Structure formats: structure tokens, C-alpha cells
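Asker: make a model of this:
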Amino acid sequence: MTQGIMAIVNPVSANGKTGKNWAEYEKHFREEGIELEVRFTQYPGHATELARKAVAEGYRKIMSVGGDGTTNEVINGLYRDGELLAEDIKLIIFSQGTGCDFIRSFGISKKIEDVVNIIRSEKIKKVDVCQASFKNHAGNSESRLFLNVADTGIGAVTAKLVNESSKIYGGFLSYLIGVFRALFTHKNKAIRVMIDGKEEYNQYLNSVIIANGKYFGGGVMIAPEAELDSGEFNIIILKDFSKFGIVFNLAKAYKGTHLSHPLVDSVKGREIYIELLDDGMYELELDGELVGRLPASFRILQDKLPIMA
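Answerer: Next up, the predicted model:
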């Protein structure tokens with residue numbers, strides 16, 4: 001059994017800074033006595049392939065080096081048919097991306113010194129892993145795992161715009177600029193939301209956020225009541241907001257004080273189904289990556305993921 005750490009590095013994350021800084025990072029790990037096998041991603045989805053291959057080769061400690069999207073790909077490589085490929089797998093997150101939203105919820109640092117201490121401590125926290133089933137952009141049915149947040153509505157439009165930009169301004173400003181750009185094109189649509197088998201919404205909505213973690217969009221505390229190990233989702237419903245209403249309440253969302261607004265609902269559930277009743281399309285994003293469109297369903301896997309903390 002291989003006992004080392006497999007580091008899966010996305011060199012283009014953080015607008016290419018990860019690739020530029022990796023030699024220095026790797027040197028620091030080795031000086032601290034931490035030996036790594038390193039593999040670089042070369043195309044979308046490659047981290048999933050590399051993670052699956054690493055487990056097959058006997059690696060049980062897998063380090064994700066990149067953004068939330070990289071970690072998303074890695075966890076999709078650690079599971080098959082909803083179950084962990086090996087019960088002794090441990091994920092290490094060295095977050096280097098634009099948003100870094102999952103580590104905000106999880107409570108770990110992006111500093112390399114802290115990651116070294118995490119590796120040495122051998123302590124783990126087990127978190128829920130979520131599954132989304134949806135229509136991909138080719139129109140085919142697909143399922144994919146996520147750790148942090150899935151959403152449809154203005155947040156997904158924002159994620160699309162941010163991913164198409166250079167992200168040179170970093171997480172906060174990149175997403176803030178993206179929100180204002182999204183306001184020009186986004187229109188609320190009639191959406192049906194089923195929660196645990198019961199229809200809860202059938203009306204015009206701005207967004208539906210399926211939250212496992214608290215943060216998305218580069219630091220927006222969208223789901224302050226979410227818990228990563230609770231076994232249920234925190235569903236945030238943004239109702240028929242005007243464009244002005246979104247702008248006016250954006251600061252509250254960053255602070256997590258928006259739940260008192262009459263057009264915001266925060267509810268819990270284990271199984272969610274969302275479909276669009278209007279013409280057109282609502283994009284779906286998972287952990288900051290555009291993956292497809294509605295209709296979509298969501299559930300939490302039985303096997304929790306051990307993350308070194």
C-alpha cells in the first residue's frame with residue numbers, strides 16, 4: 001500500500017498563479033519532510049481521472065491544489081456509484097482558487113504553513129457529499145457530486161460570467177463585478193421546487209440555492225444556517241426580487257444577515273427537485289462550475305468524506 005500523498009495540481013487556477021508558484025510550494029513541503037507525488041491537470045475533468053487513478057495505485061491521501069472547481073473534480077474521482085472507492089481515503093485541500101468558498105465553510109486556511117500542520121496532525125472531519133442529477137449542455141442526463149453549493153438563477157449566471165473572465169481582480173471583486181453584469185441579462189422565471197416529496201414553490205423566483213456550505217460567490221454568506229455534516233441541505237429561496245432589490249440587499253448577503261428579508265426563505269430538506277416552468281433555460285452551477293441546466297434533483301450520499309483538518 002502506498003503511504004504517500006498524491007497532489008493533484010491545477011496550474012491554471014487563480015488566474016495561473018498556482019502554476020507559477022507551485023515549485024516554491026513543493027520545495028516548502030519537502031523541506032518540512034512531506035513527500036509528494038505530483039500530477040498536473042491538463043484539461044477540464046482531468047482531476048477526476050487523476051484522483052481515480054491515484055486511488056487505484058494505492059494512494060489514500062489525496063491533495064487538491066486549486067480552486068473549488070478542482071476540489072469538485074477530485075471528489076468526483078473518489079466516489080463510484082455514491083460510495084467512496086476506499087474507506088481510508090483522506091482529502092487534503094490546499095485551496096488556491098479565486099473563490100475559496102468551501103474552506104470558509106470548513107474553517108481551514110489557504111496558507112501553506114497551516115496545510116503542513118494539518119497534514120502532520122492527521123486529524124479529520126467528515127462532511128456530507130451531495131449529488132446532483134441534471135441535464136448537461138448536450139441535453140443528456142448526468143449526475144455529479146459537489147461539496148459546497150449548487151444554485152440556479154442569478155448566481156449561476158454570475159458564475160458563468162466570472163469563469164469566462166480573467167479573474168485578475170481576485171475572488172471578491174471578480175464575483176462582485178459578475179453580479180452587476182448578470183443583472184443586465186437575468187430575468188426571474190417561474191420555477192417549481194419540491195422538497196422531500198412535497199411541492200413548496202410554484203412561482204417566479206430569482207434563485208434557488210442548494211447549500212451544504214455557508215458561502216458561495218467569493219465570500220457571500222448565502223446560507224448561514226448550513227452545516228457541512230448535518231445530513232440535510234439548507235435551501236435558500238430568493239423570490240421575485242427586482243434588480244434594484246438584489247443590489248440593495250447584496251451587502252446583507254455578504255454578511256449573512258439577509259434571511260430576515262420577506263423575499264428570502266431558508267428551509268431544510270434531504271431531497272430536492274427543481275424544474276423550470278417558463279420558456280428558456282436556467283443554468284445550474286455546482287461549486288462555481290457551470291455543468292448544465294434544469295430540471296435537476298439533489299440528494300446527500302450516505303458515505304461522508306474524510307477531510308484532513
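
Asker: any idea how far residue 278 is from residue 205?
Answerer: Distance of residue 205 to residue 278, given as CB to CB, to the nearest Å: 10 Å. Quick note: C-beta positions are derived from backbone N, CA and C, even for glycine.

Asker: do residue 259 as well
Answerer: 26 Å.

Asker: what of residue 35?
Answerer: From residue 35 to residue 278 the distance is 54 Å (CB to CB).

Asker: could you do residue 234 as well?
Answerer: For residue 234, the distance to residue 278 - CB to CB - is 25 Å.

Asker: which one's more surrounded, these two?
Answerer: Between residue 234 and residue 278, residue 234 has the larger neighbour count (other CB atoms under 10 Å), namely 22 against 12.

Asker: quick one, helices of the stretch 51-200 of the chain?
Answerer: 68-78, 101-106, 112-121, 154-164, 170-185 (DSSP state H, counting those that start in this stretch).

Asker: where in this structure is pLDDT low?
Answerer: For the chain, applying pLDDT under 70 flags the ranges 1-3, 160-161, 163-176, 178-180, 182.

Asker: okay, now the domains of it?
Answerer: Domains of the chain are assigned by automatic domain parsing as 5-128, 130-302.

Asker: and the strand ranked longest in the chain, what does it pack onto?
Answerer: The longest strand of the chain (DSSP state E) is strand 289-300. Helices and strands touching strand 289-300, by 3 or more CB pairs under 8 Å, 6 or more residues apart in numbering; DSSP states H and E, are helix 68-78, strand 130-136, strand 141-146, strand 149-153, helix 154-164, strand 272-276, strand 283-286.

Asker: and the contacts of the shortest one?
Answerer: The set of residues external to strand 283-286 that reach it, using CB atoms under 8 Å, 6 or more residues apart in numbering, is 72, 132, 134, 144, 146, 149-152, 155-157, 159-160, 290-294, 296.
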